[in-house]
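Participant: structure of the sequence below:
(one chain, ligands or ions: 1)
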Amino acid sequence: MSVTLREARPEDLAVIEVVAAREELDNRQARAEEYVVAEADGVLIGFGRLLDHPEAWEIACLYVEPGRRRRRIGTRIVRALLDRTSAEKPVYAVAGMPEFFTALGFVPTEDMPASIRAKLTYCRRHFAGRVIVMRLEEGRRP
Ligand SMILES: CC(C)(COP(=O)(O)OP(=O)(O)OC[C@H]1O[C@@H](n2cnc3c(N)ncnc32)[C@H](O)[C@@H]1OP(=O)(O)O)[C@@H](O)C(=O)NCCC(=O)NCCS
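Facilitator: Modelled structure (predicted):
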């Protein structure tokens with residue numbers, strides 16, 4: 001079954017909100033244009049979000065349905081989000097699954113702008129899972 005990616009529409013946000021609450025993903029102040037969604041047969045099976053902070057881009061709120069994992073759908077979503085970034089600002093992720101971001105060229109870092117530090121603090125306060133900050137290495141943008 002083929003999986004297609006597209007920009008999210010406002011009506012997708014209700015589904016994203018339910019999944020994000022269940023999976024402990026940061027969905028605050030969601031706007032459809034920030035999201036890329038993956039669909040199979042018209043059903044939403046994954047999504048990711050690109051946040052445009054003053055000093056950095058952030059890949060956030062990333063999810064693929066459990067039965068469809070390890071088939072590169074998450075990778076495709078992140079690549080589509082990275083295509084929307086400009087080279088002037090670094091790209092960060094506050095990652096609950098570092099292995100996934102390592103495979104894409106992100107490295108752990110302690111050095112981060114205020115917006116990413118605030119996200120880290122939020123995740124540590126509100127979510128149970130362990131998270132670390134990762135930054136996309138220079139030259140690894142698609
Ligand atoms: C993170 C997530 C989006 C990855 O989606 P996915 O479509 O399965 O990812 P991909 O198939 O593109 O994985 C690419 C690579 O990342 C790494 N990877 C992905 N999932 C992994 C896991 N559970 N354990 C170890 N490495 C993993 C592997 O190197 C993988 O390549 P491989 O399958 O050839 O070994 C998905 O697991 C998910 O929704 N998790 C729950 C929500 C979550 O944790 N979101 C925040 C992530 S920081």
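
Participant: which residue lies nearest the spatial centre of this protein?
Facilitator: Centroid-nearest residue in the chain: Ala60, 3.0 Å away (criterion: CA atoms, centre = their mean).

Participant: what sits against that one?
Facilitator: 25-26, 48-51, 93-94, 119 (CB atoms under 8 Å, 6 or more residues apart in numbering). Just so you know, the C-beta spots here come from the backbone N, C-alpha and C atoms, and that holds for glycine as well.

Participant: with Thr109 instead?
Facilitator: 92, 133-135.

Participant: with Glu34 instead?
Facilitator: 8, 49-52.

Participant: looking at those residues, which is nearest the ligand?
Facilitator: Arg49 (10.7 Å; CB to the nearest ligand atom).

Participant: okay, now that closest one: neighbour count?
Facilitator: Per other CB atoms under 10 Å, the neighbour tally for Arg49 reads 23.

Participant: for the record, mean pLDDT for stretch 13-27?
Facilitator: If you average the pLDDT over stretch 13-27, you get 95.

Participant: which outside residues touch that stretch?
Facilitator: So stretch 13-27 is contacted by 8, 30, 32, 35, 37, 44, 47, 49, 60-63, 94, 96, 119, 122-123, 126-129 (CB under 8 Å, 6+ apart).

Participant: which stretches in this structure count as helices?
Facilitator: In the chain, helices defined by DSSP state H lie at 13-23, 73-82, 98-103, 114-126, listed in chain order.

Participant: how near is Pro10 to the ligand?
Facilitator: 22 Å (CB to the nearest ligand atom, to the nearest Å).
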